[in-house]
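In: please find the sequence and the predicted model below.
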Amino acid sequence: MKNKSAIVLLSGGQDSTTALFWAKKNFQKIEAISFDYGQRHKIELKAAKKIAKIAKVKHKIIRIKEFEQIKNSALLDKKLDIKKKHKLDRKLPFTFVPGRNILFLAIAGSYAWTKRIKNIIIGVSEVDYSGYPDCRKNFINAFEKSLCLGLDYKIKIHTPLINKTKKQIVLLAKKMGVLNLMKYTHTCYNGNKIPCGVCQACKLRAKGFKNAGIADPLK
Ligand code: ZN
């Protein structure tokens, strides 16, 4: 893979940051893209910008307006409660943004095709996660196939964290020597720079560091 180029979906969080550095180790040329999709906290985009700068990779923030008109997620609408179950599907938390990774990967595919890049990296895990269906391996595999068919172009979607627990993701960052950079990542659904400790994202982050026996550099 060393002689190939790749696009990394960088949200500014711990997982996508770890995936970015994994990509840097495994591909020759990396670009990162982030999405301004109307999320309630823009702090994560600032984090993504900073991390891309430190990683010395080209970074693009793509603005998409679709979700702003739909507003059915607590990550898009400040009036909705992030702690509650989704009112339309009780299996999911209210933070679920339906179709988010579908849209992100479609745009990444379009960008990849335009730049003649054949690899996309996304830092999803189906082990310690919020249950979002678009973070699962079966979705990624099916969507990779859809992109290849829809673009008539061979694209591979890499998911280096898919089978990793939060603990293993922390240990991978440590192994790659980028643990300290986790202090620039953003996790909290409440928009707090220092993890609030009560939202689902902060709980998962805390669990990973605790199980790895490592202090979160953000704290
Ligand atoms: Zn939080």
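Out: Nice, I can see it. This structure is a prediction, so every number in the text was calculated from the model and none was measured. Numbering: from 1, shown residues only.
In: please identify the buried residues of the helix or strand of the chain at the bottom of the mean pLDDT ranking?
Out: When each helix and strand of the chain is scored by mean pLDDT, DSSP states H and E, helix 66-70 comes last, with a mean of 87. Within helix 66-70, the residues that count as buried by 16 or more other C-beta atoms under 10 Å are residue 67. C-beta: built from backbone N, CA, C; applies to glycine.
In: quick check: residue 114 is in a strand.
Out: No - counting by DSSP: H, G, I helix; E, B strand; the rest coil, residue 114 is not found in a strand; it is helix.
In: give me the number of residues near it?
Out: Using other C-beta atoms under 10 Å, residue 114 is surrounded by 8 other residues.
In: so which residues of this protein form strands?
Out: 5-9, 29-36, 58-63, 119-121, 156-158 (DSSP state E).
In: pull the residues that contact the least confident helix or strand of the chain.
Out: Outside helix 66-70, the residues that touch it by C-beta atoms under 8 Å, 6 or more residues apart in numbering are 37, 38, 73, 76, 97, 98, 100, 103.
In: okay, now the second one: neighbour count?
Out: Other residues near residue 38 come to 20 when the count uses other C-beta under 10 Å.
In: what does the fifth one give?
Out: When neighbours are defined as other C-beta under 10 Å, residue 97 has 20 of them.
In: how about the residues of this structure near the ion?
Out: 188, 190, 196, 199, 202 (C-beta under 5 Å from the ion).
In: in a markdown table: those, plus neighbour count.
Out: Output for the residues of the chain next to the ion, formatted as a markdown table (neighbours: other C-beta atoms under 10 Å):
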| residue | neighbour count |
| --- | --- |
| 188 | 22 |
| 190 | 16 |
| 196 | 16 |
| 199 | 21 |
| 202 | 19 |
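In: just the ones of those in helices?
Out: residue 202 (DSSP state H).
In: ok, back up a step: next, format the contacts of helix 66-70 as CSV and append pLDDT.
Out: Output for these, formatted as CSV (pLDDT from 0 to 100):
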residue, pLDDT
37, 94
38, 90
73, 90
76, 89
97, 93
98, 93
100, 95
103, 96
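In: pick out the most distant pair among these.
Out: Longest distance between any two of these is 13.6 Å, between 38 and 98; criterion C-beta to C-beta.
In: roughly how far does the residue lying farthest from the centre of the chain sit from the ion?
Out: Farthest-out residue of the chain from its mean C-alpha position, per C-alpha atoms, centre = their mean: residue 152, at 25.8 Å. Going from residue 152 to the ion by C-beta to the ion, to the nearest Å gives 42 Å.
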